[in-house]
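**Q** Please work out how this folds:
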Amino acid sequence: MNENSIAVFRRGYRMQWEAAQESHVVLYPEGMAKLNETAAAILELVDGKQDIAAIIATLDSRFPEAGGVGADVLEFLQSAYEQKWIQFRDPA
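**A** A predicted model of the protein is given here:
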C-alpha cells in the first residue's frame, strides 16, 4: 500500500448508516463492526476510484484543524486491510 494505491471494499463488505446502532457500520458476511466518526469519514471516501493521496487531501481540507491526517489515514487503512474489510489495487 502506498498513496497511489486505490482502496476498495472486498466483495460482500460495505459501509452504511445503521439507525439501530446510531452509527456507521461495516457489514460483512460474518457480522458487522461499529465505526467511530473518524473511521466513517475515511471509509466513506473508499470508492474504488480515488487513490489514497486523494482521500488524504479531501480529509486534510475537511479537517484543517487536525494539522494533517495522512499518517492516521494510512494507519487506519492498514488496519482495515488487516481486518479484511478492504483491499488495495494499483491504479489503472
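
**Q** which SS class is the residue at the greatest distance from the centre of the chain?
**A** For the chain, the largest distance from the centre (C-alpha atoms, centre = their mean) belongs to A20, which lies 21.6 Å off. Under DSSP: H, G, I helix; E, B strand; the rest coil, A20 falls in the coil class.

**Q** measure it to G68 for me?
**A** Counting by C-beta to C-beta, to the nearest Å, the gap between A20 and G68 amounts to 35 Å. For glycine as for every other residue, the C-beta is placed from the backbone atoms N, C-alpha and C.

**Q** repeat for G48
**A** 25 Å.

**Q** and if you look at A80?
**A** Counting by C-beta to C-beta, the separation of A80 from G68 is 20 Å.

**Q** who has more neighbours, the two?
**A** Legend: neighbour count by other C-beta atoms under 10 Å for A80 and G68, higher for A80 (23 against 12).

**Q** Look up phi and psi at F63.
**A** Phi and psi for F63, reported as degrees, to the nearest 10, are phi -130, psi 60.

**Q** Chain neighbours aside, what residue packs nearest to it?
**A** Closest residue in space to F63, ignoring its immediate chain neighbours: V69 at 6.3 Å, by C-beta to C-beta, 6 or more residues apart in numbering.

**Q** Tell me how many other residues crowd the one you found.
**A** Look at V69: counted by other C-beta under 10 Å, it has 21 neighbours.

**Q** Let's see the distance spanning stretch 24-41 from one end to the other.
**A** 10 Å (C-alpha to C-alpha, to the nearest Å).

**Q** which residues sit against that stretch?
**A** With contacts defined as C-beta atoms under 8 Å, 6 or more residues apart in numbering, stretch 24-41 is touched by 10, 12-18, 21, 23, 43-44, 59, 62-63, 72, 76, 80, 83, 85.
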